[in-house]
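Would you be able to build a 3D model of this:
(one chain, ligands or ions: 2)
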Amino acid sequence: MMTQAPEHVLGVHVSTAGGLPTAVGRAQRLGCRAFQLFTANPRQWALQPVAPDTAEAFRRAVQESGITTVVSHAGYLLNLASPRPELVQKSLAALRAECERCRQLGIPLLVLHPGSCPADQRFEGLRRVAEALRTVLQSSDATLTLCLELTAGQGNAIGSSLEELAILRESSSCPERLGVCVDTCHALAAGYRLDTEEGYSAFWTRFEELFGREALRVLHLNDSAYPAASGRDRHAHIGLGHCGIGCFARLLGDPRWRPIPMILETPKGKDDRADRLNLTVLRYLAAGEELTADMLHVLWSQYHGSV
Ligand SMILES: [Zn+2]
Ligand SMILES: [Zn+2]
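Numbers count the residues shown, from 1 in each chain. Ligands and ions are numbered 1, 2, ... in the order given. Predicted structure coming up:
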């Protein structure tokens, strides 16, 4: 059996069906060193604090698991950029609740999408997000890092360029508590050519100019079902989409990002077989092995899921 290169922190977004502590076992069974979860239903507004015994059981399970990094992803309803003030207020309250749940669960990283607003109000949208982030950072636990995710730009989503994320980060009161999450599918869909050697290198050069290396806190490893610059956010299995296997070979072989948690958010089937196959691909690349299209097809040939 191939062993994962010790320096890569590979993980998967796992379900919490059956309770938050069950997520830890799911990640463990996949041999992950990291995982991501929603600490609450991502399509629901009302967020209660976590019950103290659940929080305790979760922390204990993580401690005993050997998993080094847990990442929370904020709910889908949040929109800090909305032109509707009541929606911004609701989003702000929900984000505060997300932060509180992270504190209870001992989770240090919370990924969120900046939000969306009509195209002709981009500037106002950015301003509203910046303001909301300032407010939340002031009131949340200092050990929590909010990670702004680069978006595909679908549905007038803000944050589909590194420059926009940099504006948000710089205008916050404490940029050191505002990290960045790069999603490979979103980057490609937003027009960053991670599928080519030159595009890959240009993207990270720009990233380092704008943020510095230490700002990257989470990587979402997803291939893209749609071509570069499509503006469409649809994840595909690693190596089977438009990012291509080369994109992930470069990423896994790039010593700059080796310590960064790399989380799969690829399509799932009825069981965890798709996650296992994607992890196998990543581990192969992490070991510096070359993976051809033929080999990928052999690997997936027995899988009758949503490939
Ligand atoms: Zn993502
Ligand atoms: Zn996505």
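
How about the stretch 1-150 of the chain: which residue is closest to ligand 1?
Glu149 (5.7 Å; Cβ to the ion). No exception for glycine: its C-beta is placed from N, CA and C like everyone else's.

got the contact list for that residue?
Val111, Leu112, His113, Pro114, Gly159, Val180, Cys181, Val182, Asp183, His186, His220 (Cβ atoms under 8 Å, 6 or more residues apart in numbering).

Which pair of those spans the longest distance?
Spanning the widest gap among the contacts of Glu149 are Pro114 and His220, at 14.9 Å by Cβ to Cβ.

Tell me if I am right that Arg169 is in a helix.
Yes - the assignment for Arg169 is a helix, going by DSSP: H, G, I helix; E, B strand; the rest coil.

measure the residue of the stretch 1-150 of the chain closest to ligand 1 to Cys185 for me?
For Glu149, the distance to Cys185 (Cβ to Cβ, to the nearest Å) stands at 11 Å.

Mutual contacts of the two, please.
Joint contacts of Glu149 and Cys185 (Cβ under 8 Å, 6+ apart) are His220.

Touching the helix or strand hosting Phe248 from outside, list them.
Assigned by DSSP states H and E, Phe248 belongs to helix 244-252. Helix 244-252 is contacted from outside by 8, 184, 188, 194-197, 200, 219, 221, 223, 238-239, 257, 262, 281-282, 285-286, 290-291, 293, 296, using Cβ under 8 Å, 6+ apart.

ok, of those, which come out buried?
Neighbour-count burial (16 or more other Cβ atoms under 10 Å) applied to the contacts of helix 244-252 gives 8, 184, 188, 194-195, 200, 219, 221, 223, 238-239, 257, 262, 281-282, 285-286, 291, 296.

which stretches of this structure form helices?
22-29, 52-65, 85-105, 122-139, 162-170, 184-189, 197-211, 244-252, 273-286, 293-300 (DSSP state H).

Pick the most deeply packed of those.
Among the helices of the chain, ranked by average contacts under mean count of other Cβ atoms under 10 Å, first place goes to helix 184-189 (a mean of 28).

just the CA coordinates of it, formatted as PDB?
Only the C-alpha atoms of helix 184-189 are listed here, as PDB (Å, rounded to 0.1, in the frame of the first residue of the first chain):
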ATOM      1  CA  THR A 184      -8.700  25.000  -7.900                       C
ATOM      2  CA  CYS A 185     -12.100  24.600  -9.700                       C
ATOM      3  CA  HIS A 186     -13.100  28.200  -8.900                       C
ATOM      4  CA  ALA A 187      -9.700  29.600  -9.900                       C
ATOM      5  CA  LEU A 188     -10.000  27.900 -13.300                       C
ATOM      6  CA  ALA A 189     -13.600  28.900 -13.800                       C
END
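
chain center to that helix, what's the gap?
12 Å (Cα atoms, centre = their mean, to the nearest Å).

Equivalent analysis for stretch 220-236, please.
The answer for stretch 220-236 is 14 Å, by Cα atoms, centre = their mean.

swap in stretch 180-190?
9 Å.
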